[in-house]
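Novice: From the sequence below, what's the structure:
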Amino acid sequence: MPCQKTMIFMFFVVVMCVFLPWQSHADTRQRQEILSPLFDMPCDKYGVPKNLAMAVARQESDMNPWVINVSGRDFYMKSREEALALAQAAYRAGRSFDVGIMQINTYWIKEYKLPLEVVVDPQNNVQIGVWILAKMIRQYGLNWKAVAYYHTPLHRHPERGRDYATRVLKHLRNILDEK
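Specialist: As a prediction, the model looks like this:
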């Protein structure tokens, strides 16, 4: 059972996820500072370096919990409810989409029958994303291939995968430089 201090902090994070204007008023570093604790448990649980997971999140969503990418177009929603509504509409329409901080793709949502209400939640979204990244690391090792496969089927699009991994590496360097 989590201690009361942890529960209070998680309540604060959830409240901030609901009320902080995510689009342009808070920069990436501010969002990262607020959302950073969401990465602790899943990174520890799945053995993923936290800075790497956050670099993936920066690349995927700029640490924005309410961004939805539908068929290659980003939509910056103002709330959980708006993000959920758009994700549900895209799902019903059979569109490919990515949702949340870690931009969980419909492939994973369908493959594991994940309820959209769960995937849209920032804490769950990070946990699912870190789990996916951990699967790729177990399969390919802790290297650029695992990072590339998080985003792109590398065997079908090797250039796209290398480009993605390069962008994640840039974010990782920025995170390390900020410390």
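Novice: what residues are up against Ile104?
Specialist: 98, 114, 119, 125, 128-129, 132 (C-beta atoms under 8 Å, 6 or more residues apart in numbering). Quick note: C-beta positions are derived from backbone N, CA and C, even for glycine.
Novice: pLDDT wise, what is it at?
Specialist: The model reports Ile104 with a pLDDT of 98.
Novice: Ramachandran coordinates for it?
Specialist: Dihedral angles of Ile104 (phi, psi; degrees, to the nearest 10) stand at phi -70, psi 130.
Novice: buried ones in stretch 102-119?
Specialist: 102-106, 108-109, 114, 116, 119 (16 or more other C-beta atoms under 10 Å).
Novice: That stretch: end-to-end distance?
Specialist: End-to-end span of stretch 102-119 (C-alpha to C-alpha, to the nearest Å): 10 Å.
Novice: next one: it to chain centre, how far?
Specialist: Its chain's average C-alpha position is 12 Å from that of stretch 102-119, according to C-alpha atoms, centre = their mean, to the nearest Å.
Novice: Stretch 118-125 now?
Specialist: 9 Å.
Novice: got the contact list for stretch 127-138?
Specialist: 38-39, 41-43, 45-48, 52-53, 56-57, 60, 100-104, 108, 114, 119, 145-147, 149-150.
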